Structures are given as structure tokens and as C-alpha cells.
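Enquirer: Got a predicted model here, sequence first, then my questions.
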Amino acid sequence: MSRLQADHLYKVFGRRPDEAVRELAEAGADRDALRADGTTAAVIDASFTVESGQIFVVMGLSGSGKSTLLRMLNGLLAPTAGRVLFDGRDLTALSDRELREVRSRKISMVFQHFALFPHRSVLENAAYGLEVQGVPRAEREKRAAEALELCGLAGWEKSWPDELSGGMQQRVGLARALATDADLLLMDESFSALDPLIRRDMQDQLLVLQQKLKKTIVFITHDLNEAMRLGDRIAVMRDGRIVQLGTAEDILVRPANDYVASFIQDVDRTRVLTAASVMTDGTVAPEDCPPGCGCAPVARDMPLAELCAVSARSLHPVPVAGADGEILGVVAQDRLLGVMGGLDADVRPTTKNGATAENAATAKNAATEEVTARA
Ligand SMILES: Nc1ncnc2c1ncn2[C@@H]1O[C@H](COP(=O)(O)OP(=O)(O)OP(=O)(O)O)[C@@H](O)[C@H]1O
């Protein structure tokens with residue numbers, strides 16, 4: 001069972017929403033057709049699953065429907081049609097009290113503008129979610145201090161929010177979300193207000209934390225580079241619809257339509273494509289590897305940007321190793337150059353950690369998930 005599932009979700013604002021859903025679903029109407037009627041179709045037929053421990057990114061420009069989708073996922077907004085299943089429970093069928101309970105214990109939000117209380121210390125801010133849950137003071141302070149330490153803020157507990165930089169304030173927001181032990185983290189443009197370098201640093205920190213904590217995260221962004229750095233899977237939204245659903249590599253190598261293709265022009269493919277996605281079958285024969293060659297197999301999730309340096313030093317194709325050290329294949333230099341030059345018709349779909357689709361259940365999931373191209 002998936003951790004989170006959106007099942008044909010629609011949200012229509014304005015007049016006669018049910019009728020609008022029928023027009024969207026049955027007559028194939030789009031947003032523009034309804035707008036003339038004073039009706040806004042914010043989210044149209046969104047279906048996807050998020051597995052436990054995954055980072056699922058929803059990427060789209062302003063107005064594409066990301067925030068509305070997120071607010072349906074945490075039950076703040078009732079869908080006009082469709083269901084949200086969290087651990088198999090239909091959120092749309094819960095009473096208000098049950099929903100509040102799920103929201104306060106199982107789901108945490110991290111917002112773009114930190115949402116810290118200025119007159120509470122960093123520790124009190126980090127403990128806020130636990131306070132709402134009614135956790136006794138000593139325990140909530142202990143857990144908040146642990147979360148702050150995880151986020152690199154040990155020693156700042158007694159400071160006030162305005163004594164912290166923007167990046168540090170956002171880490172307090174993250175610590176607050178982590179302190180509650182919620183399984184599901186919903187992050188709405190959480191790093192968008194930060195300077196580029198600090199933003200990148202926060203992305204790195206989130207990835208490191210995620211390796212340790214293995215939360216289930218839905219991350220909203222309008223930045224495809226951020227989506228590709230963070231997302232195990234990415235949903236690209238346009239005008240209320242999900243127009244492509246896949247891994248960063250899927251989107252980079254096989255954009256579903258011209259709209260998605262226009263986004264990937266600025267993406268640095270050498271940082272998204274991995275050794276596993278470009279390797280071919282084979283090994284390195286001992287006679288091809290002279291003494292002192294000093295080569296070592298690279299990890300399958302090594303990005304091409306790093307693989308280039310290894311390949312330049314190597315006298316033979318670079319072997320690619322799996323998690324157990326077994327050789328999965330090799331990357332020859334001409335192959336590497338060809339892929340970087342855009343000859344990537346046979347790049348293999350992989351998961352974000354570089355496992356190929358053949359040997360990873362999650363990649364199978366990604367590869368078999370419907371990739372819709374309606375735009
Ligand atoms: N409460 C509302 N009433 C009417 N229309 C709404 C409401 N909330 C959102 N919309 C409309 O729904 C569409 C999707 O908005 P939404 O905020 O979900 O997009 P978004 O991708 O999150 O954009 P942004 O990045 O600017 O927040 C927009 O056209 C917006 O104007």
C-alpha cells in the first residue's frame with residue numbers, strides 16, 4: 001500500500017463545481033473553457049502515489065495548481081471530486097475531529113516564509129507542533145532540541161528568530177516539522193525565499209536528513225532544477241493538470257511534450273544523468289587494465305559531471321558497481337561524450353539513487369506509472 005495516494009482529484013472554485021468536473025472529465029474541457037463561466041479549475045484529475053521514504057516533487061509555474069493540490073493532500077481543502085488516501089484511509093471521509101488529529105500527529109508543513117513566532121525562542125518555535133499535540137513541556141523541549149541539532153542549530157535554542165539568518169530560520173521551520181515525528185512532510189516552496197547558495201545548502205541538508213530519517217515528503221516548487229535535485233519522482237503541472245510524472249531522468253530524457261521540453265533546456269544534464277543510466281553491458285578484462293592503472297569502479301548513482309573526471313583518468317571503460325560491489329556494466333569514454341552531446345535515445349530509466357529500472361522495484365513503479373501528455 002502506498003503511503004499517500006491521490007485518486008482522480010479535482011478542485012473547482014466558483015459556480016456549479018460538480019457540473020464543471022463533469023465537463024472536464026467527460027467532455028475534455030480545459031481551464032480556459034470554464035473560465036469564461038467564472039469558474040476556476042485549479043486541479044484537474046490528479047492521480048499519483050507517494051511511497052514511504054520518497055520525496056515526491058510537484059513542479060509547476062505560478063497558478064498551475066500546486067498549492068491547491070497540497071491543501072487537498074493535508075485535508076485543509078475538500079476536493080470537488082476524487083479521494084486522498086493516507087495509509088489507506090480516505091481523508092475526504094474523515095470527520096473534522098479525525099482530520100485534525102491526523103493533521104496534528106501525522107502531517108507536518110514547512111512553509112516558504114518560515115512562519116516563526118517572533119516572540120518565542122528558537123527552542124519554543126521548534127517545539128510548537130508538540131505543544132499543539134499536548135506533549136508535556138520537558139519532553140517537547142527535549143525533542144525540539146534534538147530536532148534543532150539534526151538541523152545544525154545546536155546552541156541556538158535560546159536565540160530569537162530575528163537573530164537568525166533566513167537559512168537558519170528555515171531550518172527552525174524544518175526542525176519544527178521534524179520534532180513532531182510526523183511521517184508525512186508537506187513542503188510548500190520551502191526554500192524559494194532563500195538566496196541561491198543558501199537554497200542549495202538547504203537542499204543538500206534535506207537530502208542528508210532524508211537519508212537518515214526516511215520521511216515521506218511532498219515538496220512543491222516552481223524550479224525544475226530544485227525538483228530534479230530533490231525528487232525521487234516529479235509531477236509537472238500545467239493549468240491544473242499533471243502533464244508528466246516520472247523521475248528526473250525520465251523528464252530529462254523523455255519530456256512528455258514541448259511544454260516540459262522548454263523547461264529542461266536550462267537543466268544541467270551532467271548533474272541529473274547517472275552512471276547507471278548510461279552504462280552498457282560488459283566488464284573490464286584484466287589485460288586492459290595495466291598495473292598501476294589505479295581505477296576503481298564508480299557508484300551507479302554517480303552523476304556524469306563526476307564520472308567525466310574519472311573517465312578522463314582511466315585507460316579503459318569505467319566499471320560501474322552496485323551497492324554490494326558487483327559490477328553492473330561499464331561506461332566507455334565515447335559513450336559518455338555522446339550522451340553529454342545529446343545522443344541519449346537509449347539512456348536507461350533509473351531511480352534517483354541510480355538503480356536501473358530492471359533491478360529496482362521503485363523504478364518499476366516509476367516506469368509503469370502513467371505518463372500523461374495532454375498539453
Ligand atoms: N480560493 C480560491 N478561489 C478562487 N480561485 C482560486 C482559489 N485558490 C486558488 N485559485 C485559483 O486556482 C488556480 C491555481 O492556484 P494555486 O494557488 O493552486 O496555484 P500555484 O501553482 O500554487 O500558484 P503559486 O505558485 O502562485 O502559489 C489559480 O488560477 C488561482 O487563481
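Expert: Cool, got the structure. Numbering: from 1, shown residues only.

Enquirer: quick one: contacts for Tyr128?
Expert: 117, 120, 176 (Cβ atoms under 8 Å, 6 or more residues apart in numbering). In this view, the C-beta of every residue, glycine as well, is placed from N, C-alpha and C.

Enquirer: tally of neighbours for the spatially closest residue to the last one that is not a sequence neighbour?
Expert: Once its chain neighbours are removed from consideration, Arg176 has its nearest residue in Ala126; the separation is 4.9 Å (Cβ to Cβ, 6 or more residues apart in numbering). Summarising burial for Ala126: neighbours were counted as other Cβ atoms under 10 Å, giving 33.

Enquirer: isn't Ala126 right up against Arg171?
Expert: No. With contacts defined as Cβ atoms under 8 Å, Ala126 does not count as touching Arg171, sitting 9.5 Å away.

Enquirer: Between those two, which contacts overlap?
Expert: Jointly contacting Ala126 and Arg171 under the rule Cβ under 8 Å, 6+ apart are Leu148.

Enquirer: Arg229 is in contact with Met59, correct?
Expert: No. Met59 is beyond contact range of Arg229, at 11.4 Å (criterion: Cβ under 8 Å).

Enquirer: Among the two, which residue is more densely surrounded?
Expert: Per other Cβ under 10 Å, whichever of Met59 and Arg229 has more neighbours is Met59, with 26 against 20.

Enquirer: Contacts only, for the residue lying closest to the more buried one once chain neighbours are set aside.
Expert: Nearest residue to Met59 in three dimensions, chain neighbours excluded: Ala227, at 4.1 Å (Cβ to Cβ, 6+ apart). Counting by Cβ under 8 Å, 6+ apart, Ala227 touches 57, 59, 219, 221, 234, 248.

Enquirer: okay, these in JSON lines with secondary structure and pLDDT next?
Expert: Formatted as JSON lines, the contacts of Ala227 follow (DSSP: H, G, I helix; E, B strand; the rest coil; pLDDT from 0 to 100):
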{"residue": "Val57", "secondary structure": "strand", "pLDDT": "97"}
{"residue": "Met59", "secondary structure": "strand", "pLDDT": "96"}
{"residue": "Phe219", "secondary structure": "strand", "pLDDT": "95"}
{"residue": "Thr221", "secondary structure": "strand", "pLDDT": "95"}
{"residue": "Ile234", "secondary structure": "strand", "pLDDT": "96"}
{"residue": "Ala248", "secondary structure": "helix", "pLDDT": "91"}
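
Enquirer: Wait, Ala175 touches Ala145, no?
Expert: No. The pair Ala175 / Ala145 is not scored as a contact, 9.2 Å apart, by Cβ under 8 Å.

Enquirer: neighbour count winner among these two?
Expert: Between Ala175 and Ala145, Ala175 has the larger neighbour count (other Cβ under 10 Å), namely 28 against 19.

Enquirer: Now for that one: which residues touch it?
Expert: Counted by Cβ under 8 Å, 6+ apart, Ala175 has contacts 126, 144, 147-148, 150-151, 153.

Enquirer: Of those - the most surrounded one?
Expert: When neighbours are taken as other Cβ under 10 Å, the top entry among the contacts of Ala175 is Ala126 (33 neighbours).

Enquirer: and the stretch 51-200 of the chain, which residues reach the ligand?
Expert: 60, 62-68 (Cβ under 6 Å from any ligand atom).

Enquirer: The stretch 201-350 of the chain too?
Expert: So far as Cβ under 6 Å from any ligand atom goes, the stretch 201-350 of the chain lies against the ligand at His222.

Enquirer: for the stretch 251-375 of the chain, which spans come out with low pLDDT?
Expert: Scanning the stretch 251-375 of the chain with the threshold set as pLDDT under 70 gives 294, 342-375.

Enquirer: distance between stretch 56-68 and the chain's centre?
Expert: Relative to its chain's centre, stretch 56-68 lies at 12 Å (Cα atoms, centre = their mean, to the nearest Å).

Enquirer: So what touches it?
Expert: Residues outside stretch 56-68 that contact it (Cβ under 8 Å, 6+ apart) are 4, 11, 42-44, 46, 48, 50, 69-70, 77, 188, 216-224, 226-227, 230-241.
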